[in-house]
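Asks: Curious how this folds, go ahead:
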Amino acid sequence: MDMDHLLADPSAARRVLASSGVPATTRPPSRGRLVLRWLALGTTHTLAFCLGAGLTLAWANNLFDFGVAPATAEEEVTAPAQVSSVDYALQLIRTAEERFAAIQDYECIFLRDEFIDGKMNQNHLYIKVRHEPFSVLMEWLGPAMKRGRKVAWVDGKNDGKMLVKQLITLRMDPQESIKKKESRHTIQETGIKNLITRYRTAWEREALLNLTTISVDDREVRVSVGQREYAHNCVCVTARHPAETRGQFNYYYIKLYFDKGTGLPMKTEVFDWPSPTHPDGQLIERYTYLDLKTNVGLSDSDFSF
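Replies: Alright, predicted model coming up:
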């Protein structure tokens, strides 16, 4: 029975209300009162539907986690640390740079762990990177509240904005990721090539200053993400600065892990300067690249949505 008929025939409205459990009054309800009752009834059903849908979605996210549980990592030192030199670190990073020069694009799993506002924020992403023009696509696999979010950046496109999609698509300045404390870096700094360039530039400077202590050891790194496990045999370079040189360098010390098979960095850890609570420095950045697939033929369509 439609709304016009109910409004025109109050007795019919009373019969409908009586059958729905709403007591009828002895006087026919006014037009305004009848509309309010129907609105209230419709709102109740809508709220019930939304609540049910929300609970169903939450249940589905927990039941079908798709292997995006927080990552766990284990390391085993397979050869003891030896004191080395910045020149040796430079040799490793320049070799990696030469090998990476043949890579036009790649996709991989990216674990981004960053200490922001007193808390370690763990992000599990699937990323695509193309070098010419520089393009990045990030898709969040975890944590659950960010799952499905996509962010894209293409150099020279979208008026210099990054596209951010989660339900709706927004255009945002790349600096917003830092301003909103989503990350310690912008999307323009993403990727292995930027990582290589950053360390190569730093170590070239540090070789001249002669203040950096380098140690090298061999490690087996095992990372579990959900049901998948990744294992890498690595050369780990630790570059440490004297505590009294704070202000000359960005960080107290770093660890950079070179995969022995590819010669490429697969993990880095960055430590802040000593404090009373962290005398050996607080871990503030840990970036891990897993399941790397190179030269996969990415196109413009991979960086748009």
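Asks: Work out the gap between the helix or strand harbouring Lys293 and the centre of the chain.
Replies: Assigned by DSSP states H and E, Lys293 belongs to strand 283-294. Distance of strand 283-294 from the chain centroid (CA atoms, centre = their mean, to the nearest Å) equals 11 Å.
Asks: If we ignore the residues flanking it in sequence, what's nearest Ala231?
Replies: Arg222 (5.0 Å; CB to CB, 6 or more residues apart in numbering). For every residue, glycine as well, the C-beta is placed using N, CA and C.
Asks: That neighbour: how many residues sit nearby?
Replies: Counted with other CB atoms under 10 Å, the neighbours of Arg222 add up to 14.
Asks: Can you show me the helices along the stretch 1-150 of the chain?
Replies: Here the stretch 1-150 of the chain has its helices, by DSSP state H, counting those that start in this stretch, at 3-8, 10-19, 31-63, 86-100.
Asks: Any stretches of the stretch 101-250 of the chain with poor pLDDT?
Replies: For the stretch 101-250 of the chain, applying pLDDT under 70 flags no range at all.
Asks: I'd guessed Thr197 sits against Ala96; true?
Replies: No. Between Thr197 and Ala96 there is no contact under CB atoms under 8 Å: 10.4 Å.
Asks: more neighbours, these two?
Replies: Neighbour count, other CB under 10 Å: between Thr197 and Ala96, Ala96 has more, with 23 against 15.
Asks: tell me the contacts of that one?
Replies: Applying CB atoms under 8 Å, 6 or more residues apart in numbering, we find Ala96 in contact with 196, 258, 263-265.
Asks: if you look at those, which of them are in strands?
Replies: The members of the contacts of Ala96 that map onto strands under DSSP state E are 258, 265.
Asks: Which member of the contacts of Ala96 is positioned nearest Ile103?
Replies: In terms of CB to CB, no member of the contacts of Ala96 lies closer to Ile103 than Leu264, at 8.9 Å.
Asks: The residue nearest to the closest one when sequence neighbours are not counted and Asn121: what is the separation?
Replies: Nearest non-adjacent residue to Leu264, counting by CB to CB, 6+ apart: Ala96, 5.2 Å away. Using CB to CB, to the nearest Å, we find Ala96 at a distance of 27 Å from Asn121.
Asks: On the strand side of things, show who Thr268 bridges to.
Replies: Bridge pairing for Thr268 (DSSP bridges) gives the partners Leu256, Tyr287.
Asks: That one - how many residues pack around it?
Replies: By the criterion of other CB under 10 Å, Thr268 has 18 neighbours.
Asks: Distance of it relative to Val237?
Replies: The gap separating Thr268 from Val237 is 10 Å, by CB to CB.
Asks: okay, and the common contacts of these two?
Replies: Overlap of the contact sets of Thr268 and Val237 (by CB under 8 Å, 6+ apart) consists of 255-257.
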